[in-house]
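Student: dropping a prediction and its sequence here:
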Amino acid sequence: MSDKKIVTLEELRAHKGRDSFYVLINGNVYDVTKFLDEHPGGDEVILAEGGQDATEAFEDVGHSDEARALLPDMLVGEFEQNSELKLKSGAAAAQANRASNAVEQGSNLMYFFPLGALGAYFAWRFYSTGSF
């Protein structure tokens, strides 16, 4: 049996404020509270992962060996293995939301651009010839 502290889902979610912030990476929970202001990518990228599994966001960025070397000093313990809840990364959810918004905005342009171009053509024709 491991002598590491076991961190529950409730405890992980209880520590997602600026005064006490935990992240879950590769099954381990880290207290990154003191690192929030020092994070080179800004604190908002870490804060987006509050109370969730940050593994995907952490690995996708490709953190350096130096960044990984900081983790052991911030280790709180292991995440409970029997947690029934599947945690979703906040960064992945935010990225999916941004992609959805981009598609919606793009589809709006798909309708308004041709209508605007058609209106501009008829306005140009009317003012240049005096008739449609």
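Tutor: Arrived safely, thanks for sending.
Student: need the pLDDT of Leu85.
Tutor: With respect to pLDDT, Leu85 scores 50.
Student: sorry, that was for Tyr127
Tutor: Model confidence at Tyr127, given as pLDDT, is 86.
Student: numbering from 586 from now on, please.
Tutor: OK, 586 is where the count begins now, so the last one is Tyr712.
Student: now for it, how many residues are close by?
Tutor: Neighbour count of Tyr712, defined by other CB atoms under 10 Å: 8. (C-beta placed from N, C-alpha, C; glycine too.)
Student: and what of Ile610?
Tutor: Neighbour tally, Ile610, other CB under 10 Å: 22.
Student: ranges for the strands of this protein?
Tutor: 591-592, 601-602, 605-610, 613-616, 660-664 (DSSP state E).
Student: who touches Val646 in this structure?
Tutor: By CB atoms under 8 Å, 6 or more residues apart in numbering, Val646 lies in contact with Gly626.
Student: pLDDT wise, what is it at?
Tutor: Per-residue confidence (pLDDT) for Val646: 79.
Student: from Val630, how far off is it?
Tutor: 8 Å (CB to CB, to the nearest Å).
Student: do Arg653 as well
Tutor: According to CB to CB, Arg653 stands 16 Å off from Val630.
Student: okay, these two: which has more neighbours?
Tutor: Set Arg653 next to Val630 and count neighbours by other CB under 10 Å: Val630 wins out with 17 against 11.
Student: hang on, the more buried one packs against Ala642?
Tutor: Yes - the criterion here is CB atoms under 8 Å, and Val630 meets it with Ala642 at 7.3 Å.
Student: residues in contact with the spatially closest residue to Asp628 that is not a sequence neighbour?
Tutor: Among residues not flanking Asp628 along the chain, Leu621 sits closest, at 4.4 Å (CB to CB, 6 or more residues apart in numbering). If you count contacts by CB under 8 Å, 6+ apart, Leu621 has them with Arg603, Phe606, Asp628, Ile631, Leu632.
Student: if you skip the residues just before and after it, what's nearest to the second one?
Tutor: Across the structure, with CB to CB, 6+ apart as the measure, the residue nearest Phe606 apart from its sequence neighbours is Thr618 (4.7 Å).
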